[in-house]
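Q: Here you go, sequence then predicted model.
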Amino acid sequence: MILAGILLGPLLGWLRPELLNRIAPFFAAITLVVVLFEGGSALRLGDLSRAAPRSALLALFTFTLAVGVMAVLSMGARAIGLLSAEWTWMHGLMLGAILGGSSSIIIMPAMAQARVDPRIANLVSLESALTDAFCVVATSALVDIMLRGGASGSSPEVTLLRSFGIGLVVGGIAGGFWLLLLRVLHSNEHAYPVTLSGLLVLYVVIERLGGSAAFGILTVAIILGNAGSISRKLGMGAVELDSSVRGFHRQMAFIIKSFFFVFIGAMLRPPWTLLFLGILLGLFLFAARLPGVYAALVGSGLSASEKKLVAVAMPRGMAAGVLATLPVSAGVPGVEGLPAVVFACVFTTILVFAVGFPMARRRVPAVATEAGDVPIPASAARPEPGDAGTVAVGGGGATAGKPEPDD
């Protein structure tokens with residue numbers, strides 16, 4: 001798909017950058033909603049609660065290291081004339097914020113398709129969702145500081161906490177409300193368009209309130225993906241997300257992801273020096289991720305092979321591409337070549353992931369699955385005493401996990 005985008009964009013000129021820049025924010029919003037809902041609805045609450053502290057630590061370490069390394073390297077590039085003379089340390093930090101987080105759009109589907117152990121899948125999936133929010137909040141704050149000297153009055157830390165808080169609260173309220181609608185929507189032919197429309201409206205509302213739309217959509221997805229267990233605990237009886245909604249959504253996600261990779265390829269265009277710089281930055285992002293991963297996973301119980309799998313799960317994606325256009329449209333000086341650098345870097349990180357992930361995956365045992373392509377969590381495959389080991393699988397139904405002998 002990336003090669004198709006290169007053919008249609010830089011080579012044939014059928015996809016023009018000015019057109020792609022105009023549609024990027026809208027396409028990014030739809031992509032985020034569709035892919036985060038698909039990935040989030042497959043996450044189980046029990047596994048997620050165990051992964052959350054480690055994921056937060058991993059997200060903080062890897063994001064901080066990425067920002068620092070990108071700032072230093074970009075200043076080096078300015079010194080040798082690859083970047084504008086107007087480029088400053090604030091520009092470098094902004095570049096690091098744009099490229100600091102892995103892409104949930106790529107990570108979540110890849111983990112499900114490859115049948116990765118849920119301990120690892122939940123760890124990197126939640127990390128990608130957290131760093132998506134880090135990137136948006138940090139980049140917006142830095143653009144504000146560069147244009148107005150931070151006249152908005154809020155520190156980045158306060159802005160970040162406020163963004164997560166709004167996303168979590170509004171997403172939780174929306175998810176609870178949608179639980180009540182599941183009975184009405186069950187087997188309804190309009191269940192999917194109503195659900196997708198509701199998610200798009202929710203995205204706009206959270207954005208308008210200044211919250212993290214990615215975190216809000218993920219919250220709703222997790223609530224609806226675990227609707228059965230949540231509704232039983234609330235005394236609402238058995239309520240499940242309709243299997244037809246899941247089926248339609250998978251098809252929509254496939255189409256959206258295909259367009260996403262074409263978009264990345266179409267944005268790769270001269271000047272070649274900036275593309276070369278982006279490629280180098282992508283390779284250094286991988287190098288910068290390694291110490292962050294190993295530091296965050298100390299005492300995690302993961303094997304060396306599993307840590308390598310986490311380390312290579314670092315592709316950048318649509319969030320970085322859209323954020324690259326933000327400083328240009330906002331009028332920040334000295335950022336004319338920023339989109340070319342960012343998209344080349346995104347392409348490189350995707351390539352590193354595409355090559356490295358299968359190699360690392362072969363060294364990690366696959367998790368057995370039943371009907372559907374969603375891995376059965378380890379907690380279901382090896383239930384604790386007294387645990388029935390019931391999990392929701394691909395089609396939305398519940399099926400009993402089968403205990404397997406320990407490796």
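A: Structure's in. What do you need? Predicted, not measured: the structure shown is a model, and the values here were computed from it.

Q: which stretches of the stretch 251-400 of the chain form helices?
A: Remark: helices assigned in the stretch 251-400 of the chain by DSSP state H, counting those that start in this stretch are 272-296, 304-312, 318-330, 338-361, 378-381.

Q: among the ones you listed, which is nearest residue 24?
A: Comparing those against residue 24 with C-beta to C-beta, the closest turns out to be helix 318-330 (5.2 Å). To be clear about C-beta, it is placed using only N, CA and C from the backbone, and glycine gets the same treatment.

Q: Give the buried residues for that closest one.
A: For helix 318-330, a neighbour-count test (16 or more other C-beta atoms under 10 Å) marks 318-327 as buried.

Q: Then stretch 329-346?
A: Across stretch 329-346, burial judged by 16+ other C-beta under 10 Å covers 332, 334-335, 337-346.

Q: Nearest to residue 189 among these?
A: Using C-beta to C-beta, those come closest to residue 189 at residue 346, 38.4 Å.

Q: hmm, back to that, just tell me which of the helices of the stretch 251-400 of the chain ends up closest to residue 246.
A: helix 378-381 (18.5 Å).

Q: in the chain, which segments are predicted with low confidence?
A: Low-confidence segments of the chain, defined by pLDDT under 70, span residues 148-157, 237-238, 366-407.

Q: For it, which segments are assigned as strands?
A: Here the chain has its strands, by DSSP state E, at 390-392, 398-400.

Q: mind listing what the nearest residue to residue 61 once chain neighbours are set aside touches?
A: Take residue 61 and drop its neighbours on the chain: the residue closest to it by C-beta to C-beta, 6 or more residues apart in numbering is residue 292, 3.8 Å away. Counting by C-beta atoms under 8 Å, 6 or more residues apart in numbering, residue 292 touches 58, 61-62, 64-66.

Q: Kindly report the same for residue 241.
A: By C-beta under 8 Å, 6+ apart, the contact set of residue 241 is 41, 182, 224-225, 227, 396.

Q: export those to CSV and tack on distance to residue 356 and neighbour count?
A: Shown next, in CSV, are the contacts of residue 241 (distance: C-beta to C-beta, whole Å; neighbours: other C-beta atoms under 10 Å):
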residue, distance to residue 356, neighbour count
41, 27, 23
182, 40, 20
224, 33, 24
225, 29, 27
227, 36, 23
396, 33, 19
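
Q: and residue 37, how far is that from residue 224?
A: Distance, residue 37 to residue 224, using C-beta to C-beta, to the nearest Å: 8 Å.

Q: again with residue 343
A: For residue 343 relative to residue 224 (C-beta to C-beta), the value is 33 Å.

Q: swap in residue 199?
A: Distance, residue 199 to residue 224, by C-beta to C-beta: 10 Å.

Q: Closest to the centroid, which residue in the chain?
A: Among the residues of the chain, the one closest to the centroid is residue 104, at 1.9 Å (C-alpha atoms, centre = their mean).

Q: so what's it closest to, chain neighbours aside?
A: In space, residue 104 is closest to residue 128, 3.9 Å off (C-beta to C-beta, 6+ apart).

Q: Please save the CA atoms from stretch 357-366 in PDB.
A: What follows is stretch 357-366, C-alpha atoms only, in PDB (Å, rounded to 0.1, in the frame of the first residue of the first chain):
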ATOM      1  CA  PHE A 357       8.300  -7.800  14.000                       C
ATOM      2  CA  PRO A 358       8.100 -11.100  12.100                       C
ATOM      3  CA  MET A 359      11.700 -11.900  13.000                       C
ATOM      4  CA  ALA A 360      11.100 -11.200  16.700                       C
ATOM      5  CA  ARG A 361       7.600 -12.900  16.600                       C
ATOM      6  CA  ARG A 362       9.100 -16.200  15.400                       C
ATOM      7  CA  ARG A 363      11.100 -16.400  18.700                       C
ATOM      8  CA  VAL A 364       8.000 -16.000  20.900                       C
ATOM      9  CA  PRO A 365       5.400 -18.900  21.200                       C
ATOM     10  CA  ALA A 366       2.000 -18.100  19.600                       C
END
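
Q: what does it contact?
A: For stretch 357-366, the surrounding residues in contact (C-beta under 8 Å, 6+ apart) are 110, 114-117, 120, 303, 305-306, 308-309, 311-313, 407.

Q: The top helix by length along the chain - contacts with which helices or strands?
A: Criterion DSSP state H: the longest helix present in the chain is helix 45-79. Helices and strands touching helix 45-79, by 3 or more C-beta pairs under 8 Å, 6 or more residues apart in numbering; DSSP states H and E, are helix 89-98, helix 118-148, helix 272-296, helix 378-381.

Q: Of all those, which one comes closest to residue 213?
A: Residue 213 sits nearest to helix 118-148 of all the helices and strands packed on helix 45-79, at 8.3 Å, using C-beta to C-beta.

Q: The closest one vs helix 89-98, what angle?
A: Relative orientation of helix 118-148 and helix 89-98, computed by axes from the mean of the first three to the mean of the last three C-alpha atoms, to 10 degrees: 150 degrees.
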